[in-house]
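Participant: With the sequence up front, the predicted model follows.
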Amino acid sequence: MSVENGTLFASFAASAERNAGEPALRVAGHQLTYAQLLEQVERLAGRIVERHGSRPRVVGLCASRSLAAYVGYLAALRLSATVVPLGTQLPAERIRSICAAAGADLLIADDDPAVAIQAVGADRVLHLPDTADRRWYEEPAPRWDEPCAAAPDAVAYTLFTSGSTGAPKGVPIRHRNLTAYLASCIDTYQVGPGSRLSQTFELTFDPSVFDMFVAWLSGALLVVAAPGDTLAPVRYVRDHEITHWFSVPSVISLARRLRQLRPGSLPTLRYSLFAGEQLTLAQARAWAEAAPGSILENLYGPTELTVTCTRYRLPADPARWPRTSNDTVPIGRIYPHLEGVLLGPDGVAGDDGELCVRGPQRFDGYLDGGQNARRFVSYDGRPATETEPVRHAWYRTGDRVRLEDGELVHLGRLDDQVKIHGYRVELGEIESVLRRHSPVEDVVVLALPDPAGIALHAVYTGDAVDEAVLAAAVARHLPPYMAPERYHRVQHFPLNGNGKIDRGRLAAGIHPPQEISVQHTPAR
C-alpha cells in the first residue's frame, strides 16, 4: 500500500475514488460513505476560505468526536493547511498561547464557541453547530475545487505536548514522516474495505492519526467512540462489530474492575493494539481471553517519532509469552525502516539505556527551536548543536529501555514526564503554573499510584491556600487531565544527600509507606 504523492489528502482522495460506496466514517449518529465524506470535505473547505477570506495556512480544531471535527481535519488538509487539534476542554489562555505559537489563522468550533472566541476573537472562529434547529452540513456552501497544493515536505499537523518550562511544545509532523509508517501499518494489520477501526483517542493524541488514516487510506470504516464508550468497551466493540482495536492499556484495567472482560466477549476483533502506557502481562492476558481470535500487539512511540516506532506481537499461545524484569509486555523491536540505539549515561551504546531513534518518521525539531536543546545526538553520541546539522541525528526519547531476550522492554522515564490517561504530562509544567500563585513559595508535583492508575499530588511550601483556589488557578491554564487530585502544604521539603528534594520521602509523608512508589510511565 502506498501513500499517494506523499501527502495525506491526496491519498485520502484516491481512496475515496476507489471506495466511493463504502462506509468511511461513523460518528455522533452520522454514517458517511467515502463519496459523501469527500463531498462534505470539499464544501467545508469552501466555507473555510469564505470565512477567512483566503486559504488559511494553519487551522485549529476546537472540536471532539463530532462530524465537524473529522470533516474539519480533512478540509484543512484539502486546503494544504496544517491541522492543530485543540480539543474542547482547553482553557482560553492555553488556546491563545498555542494559536500564537502555531500561527493559527482560523479555529473551527463544533459546540459552544465561547472559549474559542474568548481566546482569539469572533472573527477567527468558524462555528459548526449540529443541533435540532441548525445543522452546518445542511447549509449551502461553495465547493472548493482548486488543486491541493500540499507537498510531502509540508507540515500535516502540529500537536502540542506538555513542556517542562511551562510552555507547551509544538511537534510538527510532515506528510513525508507518515508515508512509510501508514503504508506499513495498512499492510501489517491487513486493513481494507470491510474492516472497522475503533477511534478511542482524542484528536489531540497522535494515535488518532493511525486510526483515521490507516482506515481512510485503505477503504475501511472509522467508528468514533462516543463519550462513555471506553467505559464499556465490550458493548462498543460488539455493537459496531469492530475488527481493529487501538487504545491505552488503562481501558483494560477499567473494564476488568467493572467485570466486563469475560472470556470470548470480544469475538469480532482481529487485531488489538495498545500504546501510550506500559502494558502489563496481566492486562494482556485479560484482553486475550476476551478476544481469543485477535492478534495482540504492544506498540510504543513518542509524538516526535510519528505515532509509534516499535511493536511487539504476543504469541498466540500464552505459554510462549515472555517473562520480563518488570512484568510488562515488551515494546518489541524498532520498525525495519527506522534505526534505534540504547545510549548509556556515558554516551556509549549498549543493552540498557536511553532509546534514541532516527529515520523517516523522526520529526525535524520543535516549533520553538529553543526547545530542541539536548533532544538530538549526533552519530558519535555528542549533542547535536545549531551549527551541526540534525537531519541524520538521533532523537532522544527520554525513555530508559533494556534489551531482554532480543526484545526491547520499557523500564521508565529518565525525566519527570509521566502519562495520565494516555496524555503526556510534564510535572514541571504544573509546578510552573502553581508557582505563579503568590502564597505558594515552591511546589513539587508527584505522580503516585492510585486505583485508577496514577494520581497527581501537588505539595507546596508557603502560606496555606484553600484547595479550591489552587484548583481554579490550574484550571485557568491547564487541561483537566493535568490537574492534581490533591494539594498538600508542608513546612519544608526533605532533601537527600546531594541537597536535592527527596521525592520519595516527600511522597511517604502524604501516603502510607506501603503504597508509595513514585512512578514514571511511558510518555509520548
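Facilitator: The structure has been received and is ready for your questions.
Participant: OK, contacts around G359?
Facilitator: For G359, the contact set (CB atoms under 8 Å, 6 or more residues apart in numbering) comprises 335, 337-339. The C-beta positions use only the backbone N, C-alpha and C, and glycine is treated the same way.
Participant: hmm, try it at 6 Å
Facilitator: By CB atoms under 6 Å, 6 or more residues apart in numbering, the contact list for G359 reads 338-339.
Participant: cool, and Q118?
Facilitator: Contacts of Q118 (CB under 6 Å, 6+ apart): A92.
Participant: Look up the closest residue to G219, ignoring the ones flanking it.
Facilitator: Leaving aside its chain neighbours, G219 sits nearest to N19 (3.7 Å; criterion: CB to CB, 6 or more residues apart in numbering).
Participant: What does the pLDDT read for that neighbour?
Facilitator: pLDDT for N19: 98.
Participant: How far away from the center of its chain is the helix or strand harbouring V71?
Facilitator: If you go by DSSP states H and E, V71 is part of helix 67-78. Helix 67-78 has its C-alpha centroid displaced from the chain centroid by 18 Å (CA atoms, centre = their mean, to the nearest Å).
Participant: what's the average pLDDT for that helix?
Facilitator: 98.
Participant: Could you do stretch 435-452 as well?
Facilitator: 83.
Participant: Any chance you could list what contacts it?
Facilitator: Contacts for stretch 435-452 (CB under 6 Å, 6+ apart): 418, 427, 430-431, 434, 454-463, 465, 473, 501, 507, 517.
Participant: how about low-confidence regions in this structure?
Facilitator: The model of the chain has pLDDT under 70 over residues 1-5, 163-166, 379-391, 416, 452, 495-500, 511-524.
Participant: how about a cut-off of 50?
Facilitator: 387-389, 497-499, 512-524 (pLDDT under 50).
Participant: hmm, back to that, how many neighbours does the residue nearest to G219 have?
Facilitator: Number of residues near N19 (other CB atoms under 10 Å) recorded here: 19.
Participant: How much space separates it from Q190?
Facilitator: Distance, N19 to Q190, by CB to CB, to the nearest Å: 16 Å.
Participant: Could you pick out which of the contacts of stretch 435-452 are located in helices?
Facilitator: Among these, the members falling in helices (DSSP state H) are 427, 430-431, 434, 473, 507.
Participant: could these go into CSV alongside neighbour count and distance to A114?
Facilitator: CSV is the format used below for the ones in helices among the contacts of stretch 435-452 (neighbours: other CB atoms under 10 Å; distance: CB to CB, whole Å):
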residue, neighbour count, distance to A114
L427, 24, 31
I430, 24, 25
E431, 20, 29
L434, 22, 26
A473, 16, 21
A507, 21, 39
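Participant: Reformat these into a markdown table and put distance to A122 next to each item.
Facilitator: Compiled in a markdown table, these are given as follows (distance: CB to CB, whole Å):
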| residue | distance to A122 |
| --- | --- |
| L427 | 36 |
| I430 | 31 |
| E431 | 35 |
| L434 | 32 |
| A473 | 27 |
| A507 | 46 |
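Participant: and the helix holding V71, what does it pack onto?
Facilitator: helix 8-18, helix 34-52 (3 or more CB pairs under 6 Å, 6 or more residues apart in numbering; DSSP states H and E).
Participant: I would like the residues contacting it, please.
Facilitator: Contacts of helix 67-78 (CB under 6 Å, 6+ apart): 8-9, 25, 27, 30, 40-41, 44-45, 48, 59, 61, 63, 83, 108, 110, 128, 148.
Participant: If we use 8 Å, what do you get?
Facilitator: By CB under 8 Å, 6+ apart, the residues outside helix 67-78 that reach it are 7-9, 12, 25, 27-28, 30, 32, 37, 40-42, 44-45, 48, 56, 59, 61, 63, 82-83, 85, 108, 110, 128, 130, 136-137, 144, 148, 150, 156, 203, 212, 222, 224.
Participant: From these, keep the buried residues only.
Facilitator: 7-9, 12, 25, 27, 30, 32, 37, 40-42, 44-45, 48, 56, 59, 61, 63, 82-83, 85, 108, 110, 128, 130, 136-137, 144, 148, 150, 156, 203, 212, 222, 224 (16 or more other CB atoms under 10 Å).
Participant: What is the neighbour count of H337?
Facilitator: H337 has 14 nearby residues by other CB under 10 Å.
Participant: Quick check: phi and psi on it?
Facilitator: phi -90, psi 10 (degrees, to the nearest 10).
Participant: Name the nearest residue to the most centrally placed residue in the chain, ignoring sequence neighbours.
Facilitator: Centroid check for the chain by CA atoms, centre = their mean gives F205 as the closest residue, at 2.2 Å. Of all residues not flanking F205 in the chain, G422 sits nearest, at 6.0 Å (CB to CB, 6+ apart).
Participant: Look up how far D211 lies from the one you found.
Facilitator: Distance of G422 to D211, computed by CB to CB: 13 Å.
Participant: cool, R285 as well?
Facilitator: Plainly put, R285 is 25 Å away from D211 if you go by CB to CB.
Participant: Neighbour count for the two, which is higher?
Facilitator: More crowded of R285 and D211, by other CB under 10 Å: D211, with 25 against 16.
Participant: and that one, what helix or strand is that in?
Facilitator: For D211, the host element (DSSP H and E) is helix 207-216.
Participant: how far does the helix or strand following that helix sit from the chain's center?
Facilitator: Using DSSP H and E, the next helix or strand after helix 207-216 towards the C-terminus is strand 221-224. Computed by CA atoms, centre = their mean, the chain-centroid distance of strand 221-224 equals 18 Å.
Participant: Direction included, what does strand 221-224 pair up with?
Facilitator: Looking at strand 221-224 with DSSP bridges, its partner strands are strand 23-27 (parallel), strand 196-199 (parallel).
Participant: so of these, which one's packed in deepest?
Facilitator: Highest mean neighbour count among those (mean count of other CB atoms under 10 Å): strand 196-199, with a mean of 25.
Participant: Restrict that one to CA atoms and write it as CSV.
Facilitator: Output in CSV follows, covering the C-alpha atoms of strand 196-199 (Å, rounded to 0.1, in the frame of the first residue of the first chain):
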residue,chain,number,x,y,z
ARG,A,196,-13.9,-1.5,11.1
LEU,A,197,-11.4,0.5,13.1
SER,A,198,-12.0,2.0,16.6
GLN,A,199,-11.3,5.6,17.4
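Participant: Tell me the gap between that strand and the middle of its chain.
Facilitator: Offset of strand 196-199 from its chain centre (CA atoms, centre = their mean): 16 Å.
Participant: List the contacts of it.
Facilitator: With contact meaning CB under 8 Å, 6+ apart, strand 196-199 is reached by 191, 208, 211-212, 214-215, 220-225, 236-237, 240-247.
Participant: Just the buried residues from these, in ChimeraX please.
Facilitator: Selecting only the buried entries of the contacts of strand 196-199 in ChimeraX, with 16+ other CB under 10 Å as the criterion:
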select :191,208,211,212,214,215,220,221,222,223,224,225,236,237,240,242,243,244,245,246,247
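Participant: hang on, the earlier thing: of the contacts of stretch 435-452, which belong to strands?
Facilitator: Under the assignment DSSP state E, the contacts of stretch 435-452 contribute 418, 454-462 to strands.
Participant: Could I get those in TSV, plus columns for distance to H477 and neighbour count?
Facilitator: Converted to TSV, those look like this (distance: CB to CB, whole Å; neighbours: other CB atoms under 10 Å):
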residue	distance to H477	neighbour count
V418	18	25
I454	21	20
A455	20	16
L456	15	21
H457	18	19
A458	13	25
V459	19	23
Y460	16	24
T461	21	14
G462	19	16
